[in-house]
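[1] predicted model and sequence follow; I will ask about them next.
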Amino acid sequence: MNSEKSTSELDLDCDVIVVGSGFAGIYALWQARQRGLSLRGFERGSDVGGTWYWNTYPGARCDVESYNYAYFFDKDIVRDWDWSDACAGQEEIQRYLRFVAERCDVLNDISFDTKIVSAVHSEESGLWTVTTSHKERIVCRYLVLAIGALSEPKTPDIDGVDTFSGDTYFTSNWPKDHTVDLTGKRVGIVGTGSSGVQAIPEIAKTASEVHVFQRTANYVTPTRSGPMDPDLVAKLRKDPHAVRHASRETYGGHTPLDIGKERFLELDKAGRERALSEAWDGTYVPLAFRDAYLPEANAAISDFIRGKMLEQVNDSWTANHLVPWDHPFGGKRPCMSNVYLQTYNLPHVHLVPLSETPIERITTDGIETTEELIPLDVIVYATGFDAISGPLFAIDISGISGKSITEAWEDGPANYLGTMVHGFPNLFLPSSAMSPSVLSNMATLAEQQIDFIFDSIDWLENHGRPLLHPSTESQNYWREETLSFAKRRPGALSTKSWYSGANIPGKPRVFMVYCGGFKRYNEKCYSELMDGFPGYELIP
Ligand code: NA7
C-alpha cells in the first residue's frame, strides 16, 4: 500500500492520464482531445509503438493482415497510408503508429522515457495520483492504462542465466541501434513461440551454428505475407467506418472473410480433405470449416497441419520433434511462417528438444543439457511474457481502502467486461484480462475498447461525475461467462499456455481471454452503457 498525500479537486492536473502509446494509447489520447478533456500521456519507451517499439528482433512481423491490423476511425489516415506487405513487418508498423500519432497531434502530449511507478486512488477526492520514474506526481480524474497484454517480459527461469560470458539478447527488448551482428557466431535460442519462430530463420542466415532449445513444439502454418490486394485496399478506403462497424460484428474482429463456408459435419472424408487443402493453399487453414470450433473439426485441422509440417522437414527425427503432438491447434498461440520449418534442413541448424534433454544450467561457455554442454557465443531468449496481469503488477496500484491490484488479483484476474476492476474506480484497462484481446484483432479491440471507455467517461461527465466501478456480482458473472466459453474452445483449459498463466511458475491458472466473440463482447459493453451501468456501482 502507498502512503501518498491526500488529494482534493484543487490538485487536479488533468482530466485523463493515458499510460502507453501503442494502438490503444494513441487512440485514447486522440479520443480524450476530441471530447474536450485535458490530458497527459506517458510512455516508458523513447517513441510510440508499444509492442512494435520494443520487439525489434530480426524477422519481427505481424501475423494479422495489415488491412485488419490498422485503425479505421479516420478516413484520411486509411486513405493516406500504404502498406508494403499484407502482413507488415515491425519497422513498418512502428512507423505507421508514429504517422497516426502525428496526424492525431498527440506526440506533444506524451512524456517519453517515463515509467509510471505507482497509481493511488484517493477516496476523499475520488482522484488518482500517478507517480512517474522522474518522481513527478500528477493528479487526474480518469486513468487509462493502455500498457498492453504482452509488455512485461518473462525472466528466464533457468539456473545460471547470469553466468554466461558471451552476449545475451532478448527478443522482447532487442537493441534498437541495429548493431547486433551474429555473423559467424554460435547462437543458442531458447523459446519457440511466435518470436522464436520468426527470429530463428533470420538468425540462421548469418550465424555459423544455431541450436534451438525447444520446450514445447508449436503449430506453424503459412503466413499471409505478400503484396496487398489493390481492389481490397480501394474497398476499405471507400468507407472505413463501415469496415470498422463490420469488423465489430464478427467473431474475431477482422474484416469479414469469404472463407470456411462449408461445415465439417456436412462433408464426407474426401470433402474434408479438399476443404483443408484449399484452406491451406489460401493460408486460412484454421478456418477451413464454418464449424471449425467443434472438437472433431479442430482434431481434423490439427492432424492436417501436423502432416503438412512433417512434409517440410527432411530429417524425420527433427520433423517429429517439431510437430506438436501434445495439444490441439489453438491450445497455445499458433505461429505462422513459410520458412521456419525448412530452416531445420540447413546443416548448421540443430534442434534440442528439451522434453528429452532438459536444460540443467547455463554456464560461462554455453547451455548444458542433461546430455551435453553446447558451447555458444550468443544466447537469444525468446522466452515470452508475464502475459496480461504482468504489466499491471509492474505498477504499484492501490484503490479503495488502499487495496492493491496484486491483492485484488491474488487468485487471478477479476474484472467486468475486461476493462474495469471492483474497488478501482475510474481506472480503465484496455487490452487486459477477460477481453477478446489476444484471441482477436488487437487493433479492432483497441478502437472498440477506447470508444467504450470514452463513451463511459462522457456519460459520467454528463451525470454529475460519479465514480464508476463494477460490482463484485458482475465480476463473478464475467469470470463465469469467460470460463464457460473457454470450456468450449478445444485445448483452452487442457493446454499449458500463457493464455492461462501456465508459463509463469506460481501464477494462478485462470483462462484470461474472453472467447465469446467480438460481436457478443461489443454488445455486452454497449448494453451496460445504454442502460446506465446496471452492473456497476456509482459512487456519488
Ligand atoms: P511465447 O509464445 O510465450 O513463447 C515463449 C517460448 O519460450 C515458448 O516456446 C516457451 O516454451 C519458451 N520458454 C519459456 N521459458 C522457458 C524456459 N525456461 N526454458 C525453455 N523454454 C522456455 O512468447 P513469444 O514472444 O514467442 O510470443 C508472444 C506473443 O507475441 C505471441 O503469442 C503472439 O501473440 C505474438 P513453452 O511453450 O512455455 O513450453
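    Thanks, I have it.
[2] by contact count, what packs against the longest helix along the chain?
    In the chain, with assignment by DSSP state H, the single longest helix is helix 442-462. Here helix 442-462 touches helix 23-34, strand 137-145, helix 240-248, strand 467-470, helix 518-530, going by 3 or more Cβ pairs under 8 Å, 6 or more residues apart in numbering; DSSP states H and E. Just so you know, the C-beta spots here come from the backbone N, C-alpha and C atoms, and that holds for glycine as well.
[3] again, only using 10 Å
    Packing partners of helix 442-462 (3 or more Cβ pairs under 10 Å, 6 or more residues apart in numbering; DSSP states H and E): strand 14-19, helix 23-34, strand 137-145, helix 240-248, strand 427-428, strand 467-470, helix 518-530.
[4] packing partners for the last one?
    The one in question is helix 518-530. Applying 3+ Cβ pairs under 10 Å, 6+ apart, one finds that helix 518-530 contacts helix 240-248, helix 442-462, helix 472-488.
[5] so which of those gets nearest residue 38?
    helix 442-462 (12.2 Å; Cβ to Cβ).
[6] any idea of the mean pLDDT in that closest one?
    Mean per-residue pLDDT for helix 442-462: 97.
[7] mind listing what's buried in it?
    Buried residues in helix 442-462, defined by neighbour count with 16 or more other Cβ atoms under 10 Å: 442-454, 456-457, 460.
[8] show me the contacts for the residue of the stretch 1-150 of the chain found nearest the ligand.
    Residue nearest to the ligand within the stretch 1-150 of the chain: residue 150 (5.2 Å; Cβ to the nearest ligand atom). The neighbours of residue 150, taking Cβ atoms under 10 Å, 6 or more residues apart in numbering as the test, are 50-51, 54-55, 172, 194-195, 333, 384-388, 390-391, 431, 437-438, 442, 498.
[9] mind running it again at 6 Å?
    Residue 150 is in contact with 385, 387, counting by Cβ atoms under 6 Å, 6 or more residues apart in numbering.
[10] show the pLDDT at it.
    So residue 150 comes in at 97 (pLDDT).
[11] out of the helices and strands packed on helix 518-530, which comes closest to the ligand?
    helix 442-462 (8.5 Å).
[12] quick check, that closest one touching the ligand?
    No. Against the ligand, helix 442-462 shows no contacts by Cβ under 6 Å from any ligand atom, the least distance being 8.5 Å.
[13] what angle do that helix and helix 518-530 make?
    Here helix 442-462 runs at an angle of 10 degrees relative to helix 518-530 (axes from the mean of the first three to the mean of the last three Cα atoms, to 10 degrees).
[14] for helix 442-462, list the C-alpha coordinates in PDB.
    Output of helix 442-462 as PDB, limited to C-alpha atoms (Å, rounded to 0.1, in the frame of the first residue of the first chain):
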ATOM      1  CA  MET A 442      -5.900  -6.200 -31.200                       C
ATOM      2  CA  ALA A 443      -6.300  -3.100 -33.500                       C
ATOM      3  CA  THR A 444     -10.100  -3.500 -33.700                       C
ATOM      4  CA  LEU A 445     -10.100  -4.200 -30.000                       C
ATOM      5  CA  ALA A 446      -8.100  -1.000 -29.200                       C
ATOM      6  CA  GLU A 447     -10.600   1.100 -31.100                       C
ATOM      7  CA  GLN A 448     -13.700  -0.600 -29.600                       C
ATOM      8  CA  GLN A 449     -12.400  -0.500 -26.000                       C
ATOM      9  CA  ILE A 450     -11.200   3.100 -26.200                       C
ATOM     10  CA  ASP A 451     -14.600   4.100 -27.700                       C
ATOM     11  CA  PHE A 452     -16.400   2.300 -24.900                       C
ATOM     12  CA  ILE A 453     -14.200   3.800 -22.300                       C
ATOM     13  CA  PHE A 454     -14.600   7.300 -23.600                       C
ATOM     14  CA  ASP A 455     -18.300   6.900 -24.100                       C
ATOM     15  CA  SER A 456     -18.500   5.800 -20.500                       C
ATOM     16  CA  ILE A 457     -16.400   8.800 -19.400                       C
ATOM     17  CA  ASP A 458     -18.800  11.100 -21.400                       C
ATOM     18  CA  TRP A 459     -21.700   9.500 -19.600                       C
ATOM     19  CA  LEU A 460     -20.000  10.200 -16.200                       C
ATOM     20  CA  GLU A 461     -19.200  13.800 -17.200                       C
ATOM     21  CA  ASN A 462     -22.900  14.300 -18.100                       C
END
